Structures are given as structure tokens and as C-alpha cells.
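S.K.: here is my input, please return the structure:
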Amino acid sequence: MTPFNRATAGAGAPAPVRIVHLGLGAFHRAHQAWYTQHASDAPEWGIAAFTGRRPDAAAALSAQDGLFTLIERGAEGDKFELITSIVEAHDGADVAALSRLVAAPSTAMVTLTITEAAYNLAADGTLDFTNPTVQSDIDVLRAITALETFDAGHGPAAVSAAGRLVQALVARRAAGTGPIAVVSCDNLANNATAARAAIGGLADVVDPALGAWVAENVSFVGTSIDRITPRTTEAEIALVQAECGYADSSPVVTEPFSDWVLSGDFPAGRPDWASAGAVFVDEIEHFENRKLWLLNGAHSLLAYAGQLRGHTTVAQALADPSCAAWITEFWDEAEANLPAEGLAIPAYRAALLERFGNARIAHHLAQIAMDGSSKLRMRAVPVLKAELGAGRSGAGAARMIAAWVAFLRQSHTTGADIADSAASDLLAALALGTGADLNALVAVLDAELAENADALAAVGAQIENLSAGE
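M.R.: Below is the predicted model:
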């Protein structure tokens with residue numbers, strides 16, 4: 001079969017690299033890559049993307065010159081689009097290439113989709129210096145900054161995403177190529193603050209002079225991002241070949257809906273993402289919380305409660321009247337703690353129900369359930385604290401945490417893997433046995449919440465209700 005690349009696809013010459021991305025996954029390709037392609041000045045903005053833990057995606061995309069097919073899966077059918085905005089794909093471990101690209105004067109920003117856990121932050125939002133990976137990166141980066149001349153191509157390299165980016169920023173400082181923006185596109189509350197804590201915090205402890213340079217030259221942009229993107233299967237690969245007539249090893253399936261809200265400075269410029277539908281605001285916190293609580297919170301609730309009730313996808317769980325009622329209850333609590341004006345919450349909720357109910361998007365609950373300890377810290381804990389602080393029950397938020405606890409207990413009992421970056425802490429808590437484990441599990445989410453008797457009682461009551469099928 002004819003190879004699939006820019007020449008055979010008639011994609012034209014690649015745009016110059018001006019964006020470096022960390023976290024080459026399906027969401028980045030369905031979201032930031034799509035917005036960049038649809039910007040009015042798209043020919044000026046190419047993306048060099050780096051993988052996270054494994055090089056597979058980079059190898060597959062490199063063989064296709066960065067091209068891939070986006071399958072927009074609506075309730076009525078599929079639409080196919082060739083995405084050309086990724087012009088280079090690299091193994092995330094290739095820190096020499098990352099340093100070279102970040103140091104280039106043409107590079108204006110680094111975007112991130114590295115997942116919540118990869119920021120390596122403690123529960124208080126600061127860099128977790130007890131994390132062995134963080135400690136290892138500190139040692140490596142101190143050795144690098146102690147060198148009289150910087151050479152990214154030789155010697156040890158940082159391992160974490162933040163560590164690798166700090167190493168690349170050392171190269172940019174050495175090259176004197178000026179300010180740059182770091183744009184977090186991860187589902188984190190105050191993700192700009194989180195990125196600053198992870199990257200700036202690491203730079204500060206490695207070398208105060210480097211930390212001062214980062215503070216002066218790196219702008220951290222906050223975002224609220226939204227586009228449901230389930231895992232691609234062999235069925236989508238076969239579908240693209242049948243419908244488009246070429247063999248794409250790396251298509252991405254997504255929903256028609258997309259949303260992107262950004263806040264912050266771009267000292268070296270940015271694409272005209274507004275022409276593709278992105279929105280730029282001065283204050284982003286309420287938009288972040290709307291998305292984290294209403295969309296992501298509902299997803300987490302369905303992920304645990306739905307699997308406990310035998311469902312495997314979001315659409316299946318939503319069709320369960322009990323799950324649907326629990327979502328409504330949690331949404332009511334979340335809405336009570338969001339501004340009444342400016343967020344169009346009733347319309348947002350209605351759109352979410354339509355999106356969740358799209359059975360043609362097979363969004364698997366097991367995928368959403370991964371790394372629950374870091375996700376619930378932002379999706380359930382703030383709502384439960386706010387509700388209890390207002391003198392209300394917080395039953396909806398408590399039920400989400402209860403479903404997570406019940407799901408972990410079931411996984412522990414059956415011997416199933418616990419896919420969570422805090423798995424060792426969770427397993428230690430579960431080893432205490434049912435009942436005694438509750439306080440320890442909640443403490444993994446939030447130490448303050450674990451000391452709140454009312455919160456523990458609320459979660460305990462919802463665990464009993466779930467066990468009773470209520």
C-alpha cells in the first residue's frame with residue numbers, strides 16, 4: 001500500500017516549529033492541534049510534540065510526517081479531517097531535541113498535556129520533594145547548571161516532564177532567546193499555578209539564579225480545555241482506511257464539541273486561536289471550576305459508581321436512572337458554588353447530558369477512573385468542603401468519594417490493579433481493612449478533609465447507601 005505521508009497526502013510543506021508540546025496523546029491531537037490547524041494564521045505555526053512515558057506515538061506519527069486523521073463522531077455519523085499541524089514527533093526521553101527546540105528563537109511557547117499526576121505536586125499544591133523522581137531530577141539539574149557550558153546532547157537527563165522542561169529552559173537561558181510562554185492544558189484547578197509550582201519550584205531549588213530567570217522570562221498561561229476523546233481502537237484504524245483510502249496508524253476519534261478558554265500572556269506571540277473558537281479572558285478560575293466540577297466531576301462519579309453497577313461506558317452509565325440522579329444532585333451542589341452570571345450553567349449542563357448520551361463515543365469508565373486520587377482532589381473535595389462550610393449535606397460530592405472508596409475496596413478484594421500514581425499509599429490504606437481504611441484513603445485526597453468528622457460521616461453514609469443499592 002502507498003505510504004501515508006505529506007507527499008502522498010498532498011499536505012504541502014510543514015509549518016515552521018513555533019510550538020513545542022509535551023504529552024503527545026489523543027487529547028492534544030483532538031484539541032490544541034485541531035485549534036492550531038483551524039487558526040487563521042495556521043501556516044505560520046507548526047507543533048513539535050514529545051511523548052510522555054513511551055515513544056510509540058512519536059514513532060508512529062514520525063513515519064507519517066506528523067499527519068493523522070481526526071474522526072469527529074457525532075450522533076448522526078462521522079466526519080474525517082486530515083490534521084497537519086504537528087510537524088515533528090519525538091520520544092519524550094530525547095531531552096537533547098527538546099532543549100534544542102525550546103532554545104530556538106522561533107519557539108514561542110510550550111504547551112502541556114502531561115496529566116495531573118505528572119506535575120508531582122503535594123496535596124498543598126507545592127512541589128513534592130519526597131517524590132523520588134523529583135529528587136533525582138534535582139540532582140541531575142544541579143549537575144547540569146554547575147557546568148560552565150551547557151550541552152544538552154551529553155550527560156544525564158531529567159526524567160519527569162517538569163524536569164525535562166526545566167532542563168530545556170536552561171538551554172533557552174544559555175542561548176539568550178528570550179521570554180517564552182508555558183501553557184498548561186491539563187485538568188487541574190488553577191493549572192497555570194500548578195505549572196508554575198512544578199516548573200518554577202524545581203528551578204528555584206536547583207539554582208536560585210535559574211529560578212529568578214524563570215520568574216522573569218516564563219509566562220504561565222491558564223486554560224480550561226474540553227473535548228471528549230476516547231481511546232482509538234483497531235475499528236477506527238480500519239474505518240479510516242475504508243472511508244479515506246489510506247492507511248493511518250494513528251487516527252483520533254473525538255466528539256463534535258470543543259471548548260478552550262485561556263488567560264495569560266504570550267510574550268513571544270501565539271496563533272490566532274480565537275479565529276478557531278478559543279476564548280481569551282482576564283480571569284479563568286470560574287471557567288476552570290465549571291469544567292472540572294460539572295464535566296470532569298460527573299465523569300469521575302460515573303467512572304466509579306457506574307463500574308460498581310456493571311457499566312463500562314459513560315453513555316451506559318448515564319442511561320442508568322440512579323447514576324443520572326446522582327449526577328444531577330452533584331451538579332446542583334457544584335452550581336451552588338459557582339457564580340450565577342457569566343457561565344451559562346443551565347445550557348452547559350444540558351449540553352453535557354447530550355454529549356454524555358452520545359453512545360457512538362465509547363468513552364470507557366475504566367479510562368476515566370485512572371489516577372482518581374489526584375482527580376478527586378480537584379473534582380469532589382472542593383465541592384464537599386464548600387457544601388459542608390455552608391451548612392449543607394454535600395451528599396452528592398460525598399457520594400463521588402464514597403464510590404471511589406468502594407471501587408478501590410472492590411479492586412483490592414479481587415486483586416485488580418489500582419491504576420493510580422498514589423497506588424502505594426492507597427494499598428497501604430486498604431491494608432488497614434474495611435472501616436479503618438476510610439480515614440487513610442480520604443487523607444490521600446486531602447489531609448484536612450480526613451480530619452473533618454462531618455465529611456467522614458457523609459462519605460461513610462454514602463458508602464452504606466451504595467452497598468444497599470441506593
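S.K.: and the strands in the stretch 151-300 of the chain?
M.R.: For the stretch 151-300 of the chain, the strands defined by DSSP state E, counting those that start in this stretch cover 180-184, 218-226, 252-254, 259-263, 279-280.
S.K.: need the contact partners of stretch 422-442.
M.R.: Contacts to stretch 422-442, defined as C-beta atoms under 8 Å, 6 or more residues apart in numbering, come from residues 117, 373-374, 401, 405, 408-409, 412, 418, 420, 443-444, 449-450, 455-456, 459-460, 463. Glycine gets a C-beta too; all of them are placed from N, C-alpha and C.
S.K.: rewinding a little: tell me which of the strands of the stretch 151-300 of the chain sits nearest to E333.
M.R.: strand 218-226 (19.8 Å; C-beta to C-beta).
S.K.: just the pLDDT for the closest residue in space to H412 that isn't next to it in sequence.
M.R.: Nearest non-adjacent residue to H412, counting by C-beta to C-beta, 6 or more residues apart in numbering: L430, 4.4 Å away. Predicted confidence (pLDDT) for L430: 97.
S.K.: neighbours of L430, how many?
M.R.: 20 (other C-beta atoms under 10 Å).
S.K.: repeat that for the one 4 residues further on.
M.R.: A total of 13 residues lie near T434 under the criterion other C-beta under 10 Å.
S.K.: sorry, back to before: could I get the strands of the stretch 151-300 of the chain as a markdown table with mean pLDDT and mean neighbour count?
M.R.: Output for those, formatted as a markdown table (pLDDT from 0 to 100; neighbours: other C-beta atoms under 10 Å):
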| stretch | mean pLDDT | mean neighbour count |
| --- | --- | --- |
| strand 180-184 | 98 | 24 |
| strand 218-226 | 97 | 23 |
| strand 252-254 | 97 | 24 |
| strand 259-263 | 96 | 19 |
| strand 279-280 | 96 | 14 |
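S.K.: how about TSV for these, with distance to R100 added?
M.R.: Compiled in TSV, the strands of the stretch 151-300 of the chain are given as follows (distance: least, C-beta to C-beta, whole Å):
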stretch	distance to R100
strand 180-184	14
strand 218-226	18
strand 252-254	27
strand 259-263	27
strand 279-280	30
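S.K.: for Q316, which of those strands is the nearest?
M.R.: strand 252-254 (17.5 Å).
S.K.: need the strands for the stretch 1-150 of the chain, in chain order.
M.R.: 17-22, 46-50, 68-74, 77-83, 86-90, 109-112.
S.K.: turn these into CSV, including mean neighbour count.
M.R.: Converted to CSV, the strands of the stretch 1-150 of the chain look like this (neighbours: other C-beta atoms under 10 Å):
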stretch, mean neighbour count
strand 17-22, 24
strand 46-50, 26
strand 68-74, 21
strand 77-83, 14
strand 86-90, 24
strand 109-112, 25
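S.K.: and these as a markdown table, adding mean pLDDT and distance to G469?
M.R.: Shown next, in a markdown table, are these (pLDDT from 0 to 100; distance: least, C-beta to C-beta, whole Å):
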| stretch | mean pLDDT | distance to G469 |
| --- | --- | --- |
| strand 17-22 | 98 | 44 |
| strand 46-50 | 98 | 46 |
| strand 68-74 | 97 | 33 |
| strand 77-83 | 97 | 38 |
| strand 86-90 | 98 | 47 |
| strand 109-112 | 98 | 41 |
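S.K.: could I get the ones you listed as CSV with distance to A197?
M.R.: Formatted as CSV, these follow (distance: least, C-beta to C-beta, whole Å):
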stretch, distance to A197
strand 17-22, 16
strand 46-50, 21
strand 68-74, 33
strand 77-83, 32
strand 86-90, 26
strand 109-112, 13
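S.K.: just checking, D78 touches L239?
M.R.: Yes: when contacts are counted by C-beta atoms under 8 Å, D78 is listed as touching L239 (7.3 Å).
S.K.: overlap of the contact sets of the two?
M.R.: I71.
S.K.: what segments of the stretch 201-350 of the chain are helices?
M.R.: Remark: helices assigned in the stretch 201-350 of the chain by DSSP state H, counting those that start in this stretch are 201-206, 208-217, 234-244, 285-289, 297-301, 307-308, 314-318, 321-335, 345-356.
S.K.: ok, which of these comes nearest S250?
M.R.: So among these, helix 234-244 is nearest, using C-beta to C-beta, at 8.3 Å.
S.K.: list the buried residues for the closest one?
M.R.: 236-237, 239-241, 244 (16 or more other C-beta atoms under 10 Å).
S.K.: which stretches in the stretch 351-470 of the chain count as helices?
M.R.: Going by DSSP H, counting those that start in this stretch, the stretch 351-470 of the chain shows helices at 365-369, 372-379, 381-389, 395-414, 423-430, 437-445, 447-450, 453-467.
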